[in-house]
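**Student:** Any chance you can model this:
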Amino acid sequence: MSNYDTDVFTPIFERIREVTGAPPYTGLLGAEDEGEKDMAYRVVADHIRTLTFAIADGAAPGSDGRNYVLRRVLRRAVRFGREKLGAEQGFFQKLVAVVVELFGHVFPEIVKHEKRVTDIIADEEESFGRTLLKGIDQFKKIAAKAKEDGGAVVDGAAAFLLWESFGFPIDLTEIMAEENGMTVDTAGFDAAFKEAQEKSRAGGKKSDGPSLLFEAEATSWLQKNGSKWGKAKDVLKEVHATHQIAHAHDAIPFTDDSPKYDGPEADPSAVVKAILTLNGFVESTEGVEGPIGLVLDRTSFYAESGGQVCDVGVITTENGASLAVNEVKVAAGFVLHSGERVEGEAITVGNTCAARVDYDRRANIAPNHTMTHVLNFALRSVLGDGVDQKGSLVDDEKLRFDFSHNKPMSNNEIKRVEEIVRERVGASLAVDAREVALADAKTISGLRAVFGEVYPDPVRVVSVGPTIDELLANPGSEEWTKYSIEFCGGTHLANTSQAEGFVLLEEAGIAKGIRRVVAATRGGAVAALATAAGIAARVDACDAMPPGPELDKEMAALKNDVDTAVMPAVQRAEIRDRMAATTKKLIAAAKEAAVAVKAAAKKAVEEKTAEVKAAGETVFVMRLGDGADPGALKDAAAVAFKQDVACALFSADTVKGKAMCYVSAPPSATPAIDVKKWLDACCGPIEGKGGGGKGGVAQGQGNKVEGLDDAIAAAAAFVGK
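**Tutor:** Below you'll find the predicted structure:
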């Protein structure tokens, strides 16, 4: 009997039938499943289960990594439901409830996050519905173009575009092509797909150079050879003599990395236990090109883990050799210290060495990590217990924290989170960290752990405020919910005051239901606040400036600086609000000025028209005041036109660097004037162009404002003035 015939799936199938109106599931396979109805049932049921658990666990459909996998899964299910079962838009989200009903008693997380899961699937399903329609339109264009060119093949690159941008699987493109009497260049599709994969891999590399892989094969070698060396030392000495293996020493122990928590005074003396190269493990670095990786018996280096970047520093041996360490990895209990090359003498297995961490750099990492914990606490305090950590990055410049939340944070929420973190910094709270039995640690009230993470036993607890002894003495106390208490293996401050400051720099969405904040401490926070103060002072100066070209220029520069500068998110929003208010005033002032300029232009033309008519003439050329836009020129020219007087009007926009002209000649004007040729004469000196001619009017503009005098002269010469 198939799994699909059990009560794990039958309730889901029944719900699918209800929401789609499709015939019941009959369990048919292959050719017997005409129209692939039953296959669609299985696809939709499988995929709604996958998505419900994955989204409840913190993932979400998106554009990269695991999120992109989920997007593909969701779109496949929606497509099968709509194509094979006749489902309508929005059917898929309605299936979340039956999955929660079936499995919620065993997996309470999906009950807790049911609304979030449903909302995310609903948004993504609606988005894909729009994408599907766009994709169909795009396919029609591709097919029409191919037929226009006399072909009957959908280009492979075009098919890949449909797959990448519109979620069209290649089989769907092939079906649509077949319906249109065409085929698909699948070889071209495969080539485009492979090229995209290679670009993606290249984009994920930290550098162009090769890097050492420290994975199962390498750690297995260490474990096997270490065991062999420890149990049969004498035999191995004989083997070494026959060059059958690289070296024979004491068993390779797991790296003791406990000194990483002890500070500069604890940098240990260590022994090189293994040397890893691109070609595997070697006895010595002599004649070996980099990169080089060293496994030591003891180290004070922190290996990248838990969102915290690794330490960097230098390892120096007793014979004067040195390796600048730029990457530290841990796997299966062994710590690998990697660098580009060995300087000085060669390093040999068995060498005694000193491990020297760059503690100045670590001193900037520690406050960012400790404040990540406090930030997590502050976010939950402001946004509620629905906030769960979904990822983090801690380095020497910033901290980045991803968390579950369905909407952007308001400026007031960001401000309150900052206030809470700064309160903890100002309170000079002690930071205590210690390994605790996992069972005991889990009883501590208010302790936060990442959902789905597997923790060691014992586990390291980091508490910002209460001591570990206080927590264990009364683990159920509600008092502990007022503090940040987490499982963590990272390096931290001794006291929150050492963070010196804290600012939130950014807040943005990275996937449906997932937000990301970026923050800084110490010097980074000070610099960001100073930048904000400097820009705010420039806004103050703008408020004191009169409207005009200089103010417009400075406001444009300010907008760019506010968008790109590293500054607190709260101040950025406040400054943008102030700039918006200033811009609103400028727009209002510009409108008032435009009204005044237009009135002045019409009055000037009225007076000039009267003057010309009094002299018995029927045409004139004049320059109006700067700032008269094409609309003002048109309205002013109409005054003369109505009195049977032809005119050529000019103005300059000194802010935009534009010269404008407008020519008007009523039918009654004598002699008759060709306004199109008159406009051409006007536009030449200002290097402009224009249009019109119908109804006796034409207009143009150019970029050479300094040519206006020559343009006016040319206009006058054209009509014999």
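**Student:** Which is the succeeding secondary structure element to the host helix or strand of residue 323?
**Tutor:** Secondary structure assignment for residue 323, by DSSP states H and E: strand 322-325. Next in sequence after strand 322-325, counting helices and strands by DSSP H and E, comes strand 327-331.
**Student:** In its sheet, which strands sit next to the following helix or strand past that following strand, and in what direction?
**Tutor:** Going down the chain from strand 327-331, the next helix or strand is strand 334-339, by DSSP H and E. Sheet partners assigned to strand 334-339 using DSSP bridges are listed as strand 292-296 (antiparallel), strand 327-331 (antiparallel).
**Student:** which other helices and strands contact the helix or strand following strand 334-339?
**Tutor:** As assigned by DSSP H and E, the chain's next helix or strand after strand 334-339 is strand 342-343. With contacts defined as 3 or more C-beta pairs under 8 Å, 6 or more residues apart in numbering; DSSP states H and E, strand 342-343 has these neighbours: strand 322-325. From N, CA and C alone the C-beta is placed, and that goes for glycine too.
**Student:** can you tell me which residues contact residue 307?
**Tutor:** Going by C-beta atoms under 8 Å, 6 or more residues apart in numbering, residue 307 touches 372, 391, 392, 393, 394, 490.
**Student:** Roughly how far does the fourth one sit from residue 300?
**Tutor:** What that stands for is residue 393. If you measure residue 393 against residue 300 using C-beta to C-beta, to the nearest Å, the figure is 22 Å.
**Student:** More neighbours: which of those two?
**Tutor:** Set residue 393 next to residue 300 and count neighbours by other C-beta atoms under 10 Å: residue 300 wins out with 26 against 16.
**Student:** So the more buried one versus residue 7, what's the distance?
**Tutor:** 56 Å.
**Student:** cool, and residue 286?
**Tutor:** Distance from residue 286 to residue 7, by C-beta to C-beta: 67 Å.
**Student:** the more surrounded of the two?
**Tutor:** residue 286 (12 against 8).
**Student:** Name the SS class of that one, please.
**Tutor:** Assigned with DSSP: H, G, I helix; E, B strand; the rest coil, residue 286 falls in the coil class.
**Student:** quick one, what contacts it?
**Tutor:** Applying C-beta under 8 Å, 6+ apart to residue 286 gives the contacts 346, 348.
**Student:** how much space is there between it and residue 321?
**Tutor:** According to C-beta to C-beta, residue 286 stands 10 Å off from residue 321.
**Student:** Spell out which residues are contacts of both of those two.
**Tutor:** Shared contacts of residue 286 and residue 321, counting by C-beta under 8 Å, 6+ apart, come down to residue 346.
**Student:** okay, now residue 287: neighbour count?
**Tutor:** Using other C-beta under 10 Å, residue 287 is surrounded by 7 other residues.
**Student:** Could you measure from it over to residue 295?
**Tutor:** As judged by C-beta to C-beta, residue 287 and residue 295 stand 20 Å apart.
**Student:** same thing with residue 430?
**Tutor:** From residue 430 to residue 295 the distance is 35 Å (C-beta to C-beta).
**Student:** What are the contacting residues of stretch 49-59?
**Tutor:** With C-beta under 8 Å, 6+ apart, stretch 49-59 has contacts from 12, 61, 66-67, 70, 73-74, 77, 96, 99-100, 103, 107, 109-110, 112-114, 116-117, 120-121, 388, 390, 404, 451-452, 511, 513-514.
**Student:** and with 6 Å instead?
**Tutor:** Contacts to stretch 49-59, defined as C-beta atoms under 6 Å, 6 or more residues apart in numbering, come from residues 66, 70, 73-74, 96, 99, 109-110, 113, 117, 120, 390, 452.
**Student:** Could you identify the buried members of those?
**Tutor:** Neighbour counting by 16 or more other C-beta atoms under 10 Å classes 70, 73, 74, 96, 99, 109, 110, 113, 117, 120, 390 among the contacts of stretch 49-59 as buried.
**Student:** what about the residue lying closest to the second one once chain neighbours are set aside, neighbour count?
**Tutor:** Take residue 73 and drop its neighbours on the chain: the residue closest to it by C-beta to C-beta, 6 or more residues apart in numbering is residue 47, 5.1 Å away. By other C-beta under 10 Å, the residues close to residue 47 number 22.
**Student:** Residue 121 now?
**Tutor:** Neighbours of residue 121 (other C-beta under 10 Å): 27.
**Student:** same check, this time on residue 592
**Tutor:** Residue 592 is flanked by 11 other residues according to other C-beta under 10 Å.
**Student:** any idea how far residue 600 is from it?
**Tutor:** Residue 592 is 13 Å from residue 600, by C-beta to C-beta.
**Student:** Same check on residue 157?
**Tutor:** Taking C-beta to C-beta, one finds residue 157 at 59 Å from residue 600.
**Student:** Quickly find the element holding residue 402.
**Tutor:** Residue-wise, residue 402 maps onto strand 399-404 under DSSP H and E.
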